[in-house]
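1. quick one, what's the 3D model for this:
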Amino acid sequence: MSEKFLTFQPGEYYDFEKAAVEERFAQSRGEKPIPPMFPGMDPTAPRPFTEAAIIARNRLYNPFDPLYTDPDFARAHGHPSCPAMPGMIMATGSPQGFSKDTGDLWYYTNDGTVVRMYQDLYGDTTLAPKNIVSHMKDVTQPGSDVRMMFMGGECDGYNEKGEKVYHAFTNTRDCWRKYKDDVPASERQNFTENMAEWTTYFPEQIPNGDAEYERMFKIWDNEVIAGDNTPYWEDVEIGTFLPETCSDGPITFMHIIAWQNMGTMSLFNREELRDLTYMKKNYFQDRFGSFLDETALHYSGRNIPGSRMAMYNNTCADIIYRTVTNWMGYKGRITKYEWRFFPFFRELDVAPLCAEEFNLVPGYEGKSLDLHPSEGDIVIGKACVIGKYINELGEHIVKIMLWAENMHGALIQGCPIEVALPSRG
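-> You can find the predicted model right below:
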């Protein structure tokens with residue numbers, strides 16, 4: 001702990017932070033309205049989900065299974081249309097985040113999202129958030145030089161028929177430090193230096209070479225979509241590993257741009273990537289082994305020189321959910337999904353993530369998430385059955401620990417998930 005900063009106690013506030021903290025607590029208690037995250041956005045307004053929007057998002061992360069991209073195919077296999085892949089629903093109702101000038105240095109992270117699905121989400125559905133609850137808690141460690149505030153929100157989502165479709169919870173942590181008055185300006189970081197500090201201790205990316213690409217190709221070749229061969233609940237054994245999945249090459253900053261609806265240049269499909277001789281002749285590899293074309297040169301100022309782009313909070317989760325949708329087939333239904341990730345600010349690394357679930361996975365006992373995902377990662381989806389039960393609705397549920405690894409064994413995303421399967425009974 002540095003001697004440059006004030007120390008904090010939970011529930012005790014300095015003058016510089018007191019007004020902002022009290023306002024956020026009032027928001028969490030419903031005594032003050034929560035401003036929208038973006039101007040003009042009403043988080044309580046009904047939200048339409050069109051068939052086209054669901055299919056467009058499905059194509060980004062699972063173009064290989066026609067159940068999620070072809071409405072006629074979906075109807076022929078017992079669905080009214082293409083079901084949405086997990087990740088399309090988020091919660092609402094968190095108190096407004098703290099201003100970055102609440103203290104002198106600022107850190108943030110998202111601890112994860114948990115969504116319980118009571119039915120699949122299909123197109124031409126309008127969901128209205130109800131029963132919105134906000135949470136606010138001071139989770140500062142006594143005597144720490146980091147003020148740490150937990151802010152969460154949860155809600156239920158109902159369709160136009162009055163049916164409950166989901167319950168969702170999400171949260172963030174906003175944290176700050178405050179220099180002591182006697183620390184000279186020459187020893188203080190400005191905001192840019194504060195935001196760039198994580199790059200100095202973020203582990204160096206190991207470049208992907210031909211061996212990593214060949215391993216990726218093998219995972220592609222072994223990927224199986226169960227389709228109509230949905231397993232019965234009784235036949236699933238705890239400790240069973242599901243077949244792996246893999247991203248289409250290393251994740252580049254161009255992928256991240258595309259997934260944020262900002263363009264699809266410099267992306268290559270599986271057929272193109274398989275011909276490494278052609279790729280090396282016609283395109284270039286960046287320092288992570290990712291193939292790009294010359295248009296990428298126009299985006300070279302995308303991040304801090306010497307660094308690399310960190311993935312968004314749930315990027316890996318969206319990539320690897322198909323590990324489970326492939327396995328569960330067309331009669332399975334995802335009833336719950338989560339995602340958690342390792343924060344890139346070391347100040348927020350205060351507890352092991354997904355340790356409880358990994359303890360139930362053979363060979364992964366004692367492990368937890370250990371690296372924030374970033375561009376250059378080839379994302380491998382792995383999963384293991386860790387439990388079975390019958391829920392309060394009589395559904396036969398399989399509990400699965402789903403996680404993402406990069407090519408070099410780092411655990412970069414945890415996604416505990418549950419699936420309802422048909423029962424022989």
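2. list the buried ones in stretch 225-245?
-> 225, 226, 230, 231, 233, 236, 240, 242, 243, 244, 245 (16 or more other C-beta atoms under 10 Å). Where C-beta positions appear, they are placed from N, C-alpha and C, glycine not excepted.
3. which of those residues fall within helices?
-> With helices taken from DSSP state H, there is no overlap with the buried residues of stretch 225-245.
4. which one of those sits closest to residue 175?
-> residue 245 (34.4 Å; C-beta to C-beta).
5. please name the nearest non-neighbouring residue to the closest one.
-> The spatially closest residue to residue 245, leaving aside those adjacent along the chain, is residue 381, at 4.0 Å (C-beta to C-beta, 6 or more residues apart in numbering).
6. cool, and residue 66?
-> residue 73 (4.2 Å).
7. burial count for that neighbour?
-> If you count neighbours by other C-beta atoms under 10 Å, residue 73 ends up with 15.
8. buried sites along the helix or strand hosting it?
-> If you go by DSSP states H and E, residue 73 is part of helix 71-76. Residues of helix 71-76 classed as buried by neighbour count (16+ other C-beta under 10 Å): 71, 74.
9. what average pLDDT does the very next helix or strand once past that helix get?
-> Remark: after helix 71-76, the chain's next helix or strand is strand 105-117, criterion DSSP H and E. Strand 105-117 comes out with an average pLDDT of 91.
10. please export the C-alpha coordinates of the helix holding residue 73 as CSV.
-> C-alpha atoms of helix 71-76 as CSV (Å, rounded to 0.1, in the frame of the first residue of the first chain):
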residue,chain,number,x,y,z
PRO,A,71,-36.4,-19.5,-39.3
ASP,A,72,-37.8,-22.2,-41.6
PHE,A,73,-35.3,-24.7,-40.3
ALA,A,74,-36.1,-23.7,-36.7
ARG,A,75,-39.9,-24.2,-37.4
ALA,A,76,-39.2,-27.6,-38.9
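11. any idea how far that helix is from the middle of the chain?
-> 29 Å (C-alpha atoms, centre = their mean, to the nearest Å).
12. what do you get for stretch 409-418?
-> 10 Å.
13. what's the average pLDDT for it?
-> 97.
14. and stretch 163-171, by the same measure?
-> 95.
15. may I see the buried residues of it?
-> Buried, per 16+ other C-beta under 10 Å, within stretch 163-171: 165, 166, 167, 168, 169, 170, 171.
16. which outside residues touch that stretch?
-> Stretch 163-171 is contacted from outside by 89-92, 94, 110-119, 121, 125, 127, 135, 150-159, using C-beta atoms under 8 Å, 6 or more residues apart in numbering.
17. distance from the chain centre to that stretch, please.
-> How far stretch 163-171 lies from its chain's middle: 16 Å, per C-alpha atoms, centre = their mean.
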